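# got a sequence here, can you build the structure:
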Amino acid sequence: MMEPYKVPMKNVIPNFYYITEENEKISSYKATINPYIQESIARFITGDMNLDTDWDNYIGELNTLGMQEYISVIQSGYDRWASTAK
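Numbering: from 1, shown residues only. The predicted structure is shown next:
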């Protein structure tokens, strides 16, 4: 009965763990990036920010807060897991 809804295992990424230094960086980035994202979502929804005119500034602020570095830390953890998962 559940078979049609089953996700193929090749599409499932299991939990993987970060090293201590990565966890510290992730926590720090989340503490600044996530509140900004949540606030911006609310502002986009209420019309206080406009998707057409404010989007570039939104992305710029994410980059200022360290979004690219945050993604890099997460990618490093994933790459380490992927190299041992084969």
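# for stretch 18-36, what is the average pLDDT?
For stretch 18-36, mean pLDDT rounds to 96.
# what's that stretch in contact with?
E61, L62, L65, G66, M67, E69, Y70, V73, I74, S76, G77 (CB atoms under 8 Å, 6 or more residues apart in numbering). C-beta coordinates here come from the backbone N, C-alpha and C atoms, glycine included.
# in that stretch, which residues are buried?
Y18, K25, Y29, I33 (16 or more other CB atoms under 10 Å).
# buried residues in stretch 63-70, which are they?
L65, G66, M67, Y70.
# if we can go back for a sec, may I see the contacts of stretch 18-36 organised as JSON lines, with pLDDT, distance to Y5 and secondary structure added?
JSON lines is the format used below for the contacts of stretch 18-36 (pLDDT from 0 to 100; distance: CB to CB, whole Å; DSSP: H, G, I helix; E, B strand; the rest coil):
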{"residue": "E61", "pLDDT": "98", "distance to Y5": "39", "secondary structure": "helix"}
{"residue": "L62", "pLDDT": "98", "distance to Y5": "35", "secondary structure": "helix"}
{"residue": "L65", "pLDDT": "98", "distance to Y5": "38", "secondary structure": "coil"}
{"residue": "G66", "pLDDT": "97", "distance to Y5": "38", "secondary structure": "coil"}
{"residue": "M67", "pLDDT": "98", "distance to Y5": "34", "secondary structure": "helix"}
{"residue": "E69", "pLDDT": "97", "distance to Y5": "37", "secondary structure": "helix"}
{"residue": "Y70", "pLDDT": "97", "distance to Y5": "33", "secondary structure": "helix"}
{"residue": "V73", "pLDDT": "96", "distance to Y5": "33", "secondary structure": "helix"}
{"residue": "I74", "pLDDT": "93", "distance to Y5": "28", "secondary structure": "helix"}
{"residue": "S76", "pLDDT": "93", "distance to Y5": "33", "secondary structure": "helix"}
{"residue": "G77", "pLDDT": "90", "distance to Y5": "29", "secondary structure": "helix"}
